[in-house]
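> Quick check, what structure comes out for this input:
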Amino acid sequence: MSSANPTAEQILQALSTVVDPDLKKDLVYLNMVEEVAVDSNRISFTLLLTTPACPLRDQLEYDCRVALNRAFPGVRVDIKMDVRKWERKDQQPRPEGLGSVILVLSGKGGVGKSTVAAGLARSLSDLGARVALLDADVHGPSQPIIWRMLNQRPEIVHEKMRPIDCGGVAVLSLGMLVDPSQPLVWRGPMAGNALKQLVTDTDWGTVDYLVIDMPPGTGDVHLTLAQLLPDSYAVLVTTPHELALADARKAAAMCQMESMRIKLLGFVENMSWFSPVHRSEERYYLFGQGGGSVLAKEFEAPLLAQFPLLAREGSGPNKPENLKNLTNPENEMSAHPSDDDLAVADPLEWQNSPYRPYFQVLSSSLARAIAVHQASTSDLMSEDLQTR
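Okay, here's the model as predicted:
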């Protein structure tokens, strides 16, 4: 660096050429650059990301370095990353430490909602976010099976439960607290009260995202959690089959009720097609085709992802002989990925899961959508823009 060091104003001028791809404004305009410092050897500053699981982190850092090196050739640049907190004056209080809440919904059971919730939690954690997963499907909790924690119980510390850490994801389910072989014969209000207690009597620590595996349909649990965790986000899982779509419409309409304060981010179409082993270029649409796109257009929300049925030889219920009769309702369970294929319980196994790339796309899309929505509804953003 030359003896005439650049000023903070000159550095900000150079960084004003870097545009946030989602918010479509430059970083300086958005007040995303803080703590600019200059000495004889380097330029340093803090870059405020729009979301903890920012998939654009590397791109923004690269663009900042290019802009500064263009303006000040040979400069050493140190960039510290932090996350900007978006706040709204009308935002309702929620339990301490909980960041964005993502409700994974389905109108109908058996469409892979729990699988999507687990994979989403794991992939958000892969992006560097602090993630918790709550299994709110009171009558059919699946997360203890998916995460291989059937015999584990949460620890009680200072009269608060602590979720079980599973490779960086904090998981809690009512299935960890009751005998898994016994049915819970509860009326709706009892189920709602149980979930309220799970949320409020748990020490969640500080999490960026709380993913909630919701029960199918629309009922007391949905109303309870909408009141307890207002301003939540929703992802709706369906298959292309017309019966699943009919129930998904009801769940989507529930999200659009003003009193629910749920933002529907979009749809995930599961079991979109089946490709045989060693012939991945072939696609067989076992449950119909295009249903997710129809819902997305109808409710003006994006189709976030399509998940196929994948098979590997010798992978449990996805063996070819099981998959060939998927149109038979008695074989519906063989439509779900096996434990070996999903592998969310073990971060190392997850690296080789054939479903991981699909969840990477989904988690990145959701993180960006949440960041854009928070920014667009933030009082801080409105005040920033009004003063410029």
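> for the record, mean pLDDT for the helix or strand harbouring Glu35?
For Glu35, the host element (DSSP states H and E) is strand 33-38. Mean pLDDT, strand 33-38: 91.
> Quick check: can you name the pairing partners of it and their directions?
The sheet places strand 33-38 alongside strand 43-49 (antiparallel), with pairing taken from DSSP bridges.
> Send me the partner strand as CSV with only the CA atoms.
C-alpha atoms of strand 43-49 as CSV (Å, rounded to 0.1, in the frame of the first residue of the first chain):
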residue,chain,number,x,y,z
ILE,A,43,-7.8,-2.6,5.1
SER,A,44,-10.2,-4.3,7.4
PHE,A,45,-14.0,-4.1,7.8
THR,A,46,-17.0,-6.1,8.9
LEU,A,47,-19.4,-7.4,6.3
LEU,A,48,-23.0,-7.9,7.6
LEU,A,49,-24.6,-10.9,5.9
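> Let me know the angle separating the helix or strand following that strand from strand 33-38.
Using DSSP H and E, the helix or strand that directly follows strand 43-49 along the chain is helix 57-71. With axes from the mean of the first three to the mean of the last three CA atoms, to 10 degrees defining the directions, helix 57-71 sits at 40 degrees from strand 33-38.
> List the contacts of helix 57-71.
With CB atoms under 8 Å, 6 or more residues apart in numbering as the test, helix 57-71 has contacts from 6, 10-11, 13-15, 17-18, 20-21, 27, 43, 47, 49, 54, 75, 77, 79, 81, 128. (Each C-beta comes from the backbone N, C-alpha and C, glycine too.)
> Same check on stretch 223-232?
88, 91-92, 94-95, 98, 100-103, 136, 192-193, 195-196, 199-200, 210, 212, 214, 260-263.
> Ends of it, what's the gap?
12 Å (CA to CA, to the nearest Å).
> Pull out the buried residues from that stretch.
Across stretch 223-232, burial judged by 16 or more other CB atoms under 10 Å covers Leu223, Thr224, Leu225, Ala226, Leu228, Leu229, Pro230, Asp231, Ser232.
> Relative to Glu155, how far out is His241?
Here His241 is placed at a distance of 42 Å from Glu155 (CB to CB, to the nearest Å).
> Tell me how many other residues surround Asp208.
21 (other CB atoms under 10 Å).
> Show me which of the contacts of helix 57-71 are buried.
Buried among the contacts of helix 57-71 (16+ other CB under 10 Å): 6, 11, 14-15, 17-18, 20, 27, 43, 47, 49, 54, 75, 77, 128.
> part of a helix, is Met149?
No: Met149 is assigned coil when assessed by DSSP: H, G, I helix; E, B strand; the rest coil, not a helix.
> My guess is it contacts Gly167. True?
No: with contact defined as CB atoms under 8 Å, Met149 does not reach Gly167; the gap is 11.2 Å.
> so what sits against both of these two?
Ala345.
> can you give me the helices for the stretch 251-388 of the chain?
Secondary structure of the stretch 251-388 of the chain (DSSP state H, counting those that start in this stretch): helices at 291-299, 320-323, 339-342, 347-350, 356-376, 379-386.
> I'd like to know which of these has the weakest mean confidence.
helix 320-323 (a mean of 36).
> Which ones among the buried residues of stretch 223-232 lie within strands?
The strands, defined by DSSP state E, take in Ser232 from those.
> So between His241 and Glu155, which is more surrounded?
Legend: neighbour count by other CB under 10 Å for His241 and Glu155, higher for His241 (15 against 11).
> count of neighbours near the nearest residue to that one once chain neighbours are set aside?
Leaving aside its chain neighbours, His241 sits nearest to Phe287 (4.2 Å; criterion: CB to CB, 6 or more residues apart in numbering). Neighbours of Phe287 under the rule other CB under 10 Å: 23.
> Same check on Ile262?
Residues near Ile262, counting by other CB under 10 Å: 23.
> That one reaches Cys255, doesn't it?
Yes: contact criterion CB under 8 Å: Ile262 and Cys255 qualify, at 4.5 Å.
> any shared contact partners between these two?
By the contact definition CB under 8 Å, 6+ apart, Ile262 and Cys255 are jointly contacted by Ala234.
> Which residues are in contact with Ile262?
By CB under 8 Å, 6+ apart, Ile262 lies in contact with Leu103, Ala226, Ser232, Tyr233, Ala234, Met254, Cys255.
> Just the buried ones from these?
Leu103, Ala226, Ser232, Tyr233, Ala234, Met254, Cys255.
> farthest-separated two in the residues you listed?
Farthest-apart pair in the buried ones among the contacts of Ile262 is Tyr233 and Met254; separation 13.9 Å (CB to CB).
> returning to that earlier point: closest one of the buried ones among the contacts of helix 57-71 to Leu172?
Using CB to CB, Gly128 comes nearest to Leu172 of these, at 21.5 Å.
> so where's this structure uncertain?
1-4, 86-93, 179-188, 277, 311-342, 379-388 (pLDDT under 70).
> Looking at the record's assignment, how would you partition it?
8-84, 98-376 (automatic domain parsing).
> how far does the shortest one stretch from start to finish?
Yep, that's domain 8-84 we're talking about. Termini of domain 8-84 sit 21 Å apart (CA to CA).
> how much distance is there from that domain to the middle of the chain?
Offset of domain 8-84 from its chain centre (CA atoms, centre = their mean, to the nearest Å): 26 Å.
> Compute the inter-axis angle for the lengthiest strand in the chain and helix 356-376.
The longest strand of the chain (DSSP E) is strand 262-274. Taking the same axes, to 10 degrees, one finds that strand 262-274 is oriented at 160 degrees with respect to helix 356-376.
> Can you dump the C-alpha atoms of strand 262-274 in PDB for me?
Extracted C-alpha coordinates of strand 262-274, given in PDB (Å, rounded to 0.1, in the frame of the first residue of the first chain):
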ATOM      1  CA  ILE A 262     -47.300 -17.400   8.600                       C
ATOM      2  CA  LYS A 263     -45.400 -16.600   5.500                       C
ATOM      3  CA  LEU A 264     -45.700 -19.300   2.900                       C
ATOM      4  CA  LEU A 265     -42.200 -19.500   1.200                       C
ATOM      5  CA  GLY A 266     -43.100 -22.200  -1.300                       C
ATOM      6  CA  PHE A 267     -43.700 -25.800  -2.100                       C
ATOM      7  CA  VAL A 268     -41.600 -28.900  -2.200                       C
ATOM      8  CA  GLU A 269     -42.800 -31.700  -4.500                       C
ATOM      9  CA  ASN A 270     -41.600 -35.100  -3.200                       C
ATOM     10  CA  MET A 271     -41.600 -38.400  -5.100                       C
ATOM     11  CA  SER A 272     -41.700 -36.400  -8.300                       C
ATOM     12  CA  TRP A 273     -40.400 -39.300 -10.500                       C
ATOM     13  CA  PHE A 274     -38.600 -42.600 -10.200                       C
END
